[in-house]
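*Asks:* Have a look at this prediction, sequence included:
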Amino acid sequence: MAQRILMKGNEAIAEAAIRAGCRHYFGYPITPQTEIAAYMAKKMPKIGGVFLQAESEIASINMVYGAAAAGVRVMTSSSSPGISLKAEGLSYIAGSDIPALVVNVQRGGPGLGGIQPSQSDYFQATKGGGHGDYRMIVLAPASVQEMASLTIKGFDLADKYLMTSMILADGTIGQMMEPITFEDAEPKTYEKPWALTGTECKRGHNVVNSLYLKPDELEKKNFERFEKYKHIEENEAMWEEYMMEDAEVCVVAFGIASRVAKNAVAAARAEGIKVGLIRPITLWPFPNKAFAKVLDKVRAFVSVELSMGQMIEDIRLATECKKPVMLCNRAGGMIPGPDEVLAAIKKAEKGEF
Amino acid sequence: MKTTQILIAGFGGQGILFSGKFIAYKGLIEELQVSWLPSYGPEMRGGTANCNVILSDTPVGSPIITEPDVLIAMNTPSLLKYVDSVAKGGQIYVDSSLIDAKVERDDVEVFYIPATQMAKEEGIATLANMIIVGHLLENHPELSFDGAKEVVDSLVPPKKEALKELNMKALSLGKNYKK
């Protein structure tokens, strides 16, 4: 077995990206994700890669756009306010159908907000953020090990579907250290015949662009893209179930909130309460199947979020509003304790909403 | 299932995060599940720092400690802030050269160690933290003192070679400390 090492979540993302074959990183520092850039600054020059601290977030996402168009594995990382600045670029990348990896280690908002952990960019990540009809694959790690494994997965999905994968983490998972192992696996590679690599006078020009002035052409592109999204929704959703076998109350949480929720579920089980946890690993596509499966047995759902309640809307859609969904939340950089989640579970069990 | 939640708190510069790293690495080589979570907020820039370390023989749930089994307090504000949160039957380690206050609880075990004074006398003023950690290792068989050198060697960068021996010296001072 590979050796267990201790690593910060942010560093795990950077190391995993390098192992996934990423040799191009463009970013701009912001707490609490700066260790990603620091790690890249140290490592990239030694392995023939590019680390570039751009003059702004807007510049860095457009460098990602350029490098992605050239067919290389490329990434940027930031935290909430910085992702807002990148939103235009995200939309252009989506409109050009090229692969990129973007990391958001979330902090409290809106505005400049604070620097403590948050999950309040859920809407921004899963519903758009930039303009136009588009989606990003959104992956929500809940451990340092997943910071690494989902980064590698994110690059693969981006290359497979020619779109952006976003790692939606938070300040806690970014800053904490846990043991992690890296498997010695060669990165997957994908043919990129569309990439701008120079024609060498041997082929026609490739064009990467998001401008379609003829509305019928643009409509066609959008419909094609949404066929692809439909395929992803049916095939790529990932989730974890914890103690769901006989659960009558279902806690739903992702990322750091799911870690707190797990403690609360274990405590509630110790008191004889039939409760379980669904942890979405992909936030888009949302794991609707996980909910359809348990809808008959579960009496109530509890959404535990570090936001004012954003994922709760997707839970209501996934459950077709057939069962009550209760919110247990903190915001602005605060994190609920297991006791707060346990209290919510007890209320849900008694049907007190 | 055994889980030990350790909260280390004090001023920036006292090696709070380093002590936590040491304990986490020690847990790692003892093949425990571990998590290490630093404070990274404005308080770190303005003075106080703290660090949450969890050691367990099962996977760690939340890395955030609300009820520590062990509190290491390296200054008075930290002791006052966290003293009541310590679990019944838990341990509190107090750097008694910096903290005059006494713990007024009879349901916890308290170790008053004049670590900063001891460190100064030995010419290792910045290593009071490791004196306390040395004493903690002595009290925690799941961690033990064996293998401490391996951890120090992996944590201290090669450029600061001399610090390796000094860290070991501080750990030994703590190990052998008796009231």
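*Replies:* Thanks, I have it.

*Asks:* can you pull out the strands in chain B?
*Replies:* Secondary structure of chain B (DSSP state E): strands at B:3-11, B:33-38, B:48-56, B:70-73, B:91-95, B:109-113.

*Asks:* roughly how far is the second one from the heart of the chain?
*Replies:* By that I understand strand B:33-38. 13 Å (Cα atoms, centre = their mean, to the nearest Å).

*Asks:* try the shortest one
*Replies:* For strand B:70-73, the distance between its averaged C-alpha position and the chain's averaged C-alpha position is 7 Å (Cα atoms, centre = their mean).

*Asks:* Give me the average confidence score over the helix of greatest length in chain A.
*Replies:* Longest helix in chain A, counting residues (DSSP state H): helix A:215-235. Average pLDDT, helix A:215-235: 98.

*Asks:* about what we covered before: with respect to chain A, which of the strands of chain B lies nearest?
*Replies:* strand B:33-38 (4.0 Å; Cβ to the nearest Cβ). Where C-beta positions appear, they are placed from N, C-alpha and C, glycine not excepted.

*Asks:* can you tell me if the closest one touches chain A.
*Replies:* Yes. In terms of Cβ under 8 Å from any Cβ of the partner chain, part of strand B:33-38 sits within range of chain A, namely B:33-38.

*Asks:* Restrict that strand to CA atoms and write it as CSV.
*Replies:* Taking C-alpha atoms only, strand B:33-38 is exported to CSV below (Å, rounded to 0.1, in the frame of the first residue of the first chain):
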residue,chain,number,x,y,z
GLN,B,33,-6.5,8.3,12.2
VAL,B,34,-5.7,11.9,12.7
SER,B,35,-6.9,15.4,11.8
TRP,B,36,-5.1,18.7,12.3
LEU,B,37,-7.0,22.0,11.9
PRO,B,38,-5.3,25.4,12.5
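
*Asks:* what's the angle from that strand to strand B:3-11?
*Replies:* Angle between the axes of strand B:33-38 and strand B:3-11 is 20 degrees (criterion: axes from the mean of the first three to the mean of the last three Cα atoms, to 10 degrees).

*Asks:* Show the contacting residues for the closest residue to A:Glu183 other than its chain neighbours.
*Replies:* Take A:Glu183 and drop its neighbours on the chain: the residue closest to it by Cβ to Cβ, 6 or more residues apart in numbering or on different chains is A:Ala2, 5.8 Å away. A:Ala2 makes contact with A:181-184, according to Cβ atoms under 8 Å, 6 or more residues apart in numbering or on different chains.

*Asks:* Closest to chain B out of those residues?
*Replies:* A:Thr181 (11.6 Å).

*Asks:* Might one say that the closest one is in contact with A:Ile5?
*Replies:* Yes. In this structure A:Thr181 lies within contact range of A:Ile5 using Cβ atoms under 8 Å: 7.5 Å.

*Asks:* Tell me which of these two has more neighbours.
*Replies:* The neighbour comparison of A:Thr181 against A:Ile5 (other Cβ atoms under 10 Å in any protein chain shown) goes to A:Ile5, with 16 against 11.

*Asks:* My read is that A:Glu305 contacts A:Leu327, right?
*Replies:* Yes. Using Cβ under 8 Å as the test, A:Glu305 is close enough to A:Leu327 to be in contact (7.0 Å).

*Asks:* Report pLDDT for B:Met1.
*Replies:* 67.

*Asks:* Repeat that for the one 5 residues further on.
*Replies:* With respect to pLDDT, B:Ile6 has a value of 98.

*Asks:* now the one 5 residues further on
*Replies:* Predicted confidence (pLDDT) for B:Phe11: 90.

*Asks:* Could you count how many residues lie near it?
*Replies:* Neighbours around B:Phe11, by other Cβ under 10 Å: 15.

*Asks:* Equivalent analysis for A:Glu271, please.
*Replies:* 11.

*Asks:* and it, backbone torsions?
*Replies:* phi -90, psi 10 (degrees, to the nearest 10).

*Asks:* Ok, B:Ala87 next?
*Replies:* Torsion angles, degrees, to the nearest 10, at B:Ala87: phi -60, psi 150.

*Asks:* Distance check, it against A:Glu245.
*Replies:* For B:Ala87, the distance to A:Glu245 equals 31 Å [Cβ to Cβ, to the nearest Å].

*Asks:* And these two? Which one has more around it.
*Replies:* More neighbours surround B:Ala87 than the other of B:Ala87 and A:Glu245, with 16 against 9 (other Cβ under 10 Å).

*Asks:* can you tell me which residues contact residue 123?
*Replies:* By default, I'm working from chain A. A:Phe123 touches A:Gln310, counting by Cβ under 8 Å, 6+ apart.

*Asks:* So which bits of the helix or strand hosting it are buried?
*Replies:* Per DSSP states H and E: A:Phe123 is located in helix A:122-127. Within helix A:122-127, the residues that qualify as buried are A:122, A:124-126, counting by 16 or more other Cβ atoms under 10 Å in any protein chain shown.

*Asks:* Over to stretch A:344-353?
*Replies:* Quick answer for stretch A:344-353 (16+ other Cβ under 10 Å): A:344-349.

*Asks:* so where's chain B uncertain?
*Replies:* The model of chain B has pLDDT under 70 over residues B:1, B:42-46.

*Asks:* secondary structure element for the spatially closest residue to A:Gly129 that is not a sequence neighbour?
*Replies:* Take A:Gly129 and drop its neighbours on the chain: the residue closest to it by Cβ to Cβ, 6+ apart is A:Ala87, 4.7 Å away. Using DSSP H and E, A:Ala87 falls within helix A:80-96.

*Asks:* Which other helices and strands does that helix contact?
*Replies:* In terms of contacts (3 or more Cβ pairs under 8 Å, 6 or more residues apart in numbering or on different chains; DSSP states H and E), helix A:80-96 is packed against helix A:57-69, strand A:74-78, strand A:100-106, helix A:122-127, strand A:164-170.

*Asks:* how far is it from where the chain is centred?
*Replies:* 14 Å.

*Asks:* Next SSE downstream of the helix or strand that A:Ala12 is a member of?
*Replies:* Per DSSP H and E, A:Ala12 falls inside helix A:9-19. On the C-terminal side of helix A:9-19, the closest following helix or strand by DSSP H and E is strand A:24-27.

*Asks:* Provide a list of residues in contact with the nearest residue to B:Tyr82 once chain neighbours are set aside.
*Replies:* Closest residue to B:Tyr82 apart from its sequence neighbours, by Cβ to Cβ, 6+ apart: B:Leu71 at 5.3 Å. Shown in contact with B:Leu71 (Cβ under 8 Å, 6+ apart): B:6-9, B:79, B:82-83, B:85-86, B:90-93.

*Asks:* Could you measure from B:Leu71 over to B:Gln14?
*Replies:* On the measure of Cβ to Cβ, B:Leu71 and B:Gln14 end up 15 Å apart.

*Asks:* Please apply the same query to A:Ala185.
*Replies:* Taking Cβ to Cβ, one finds A:Ala185 at 42 Å from B:Gln14.
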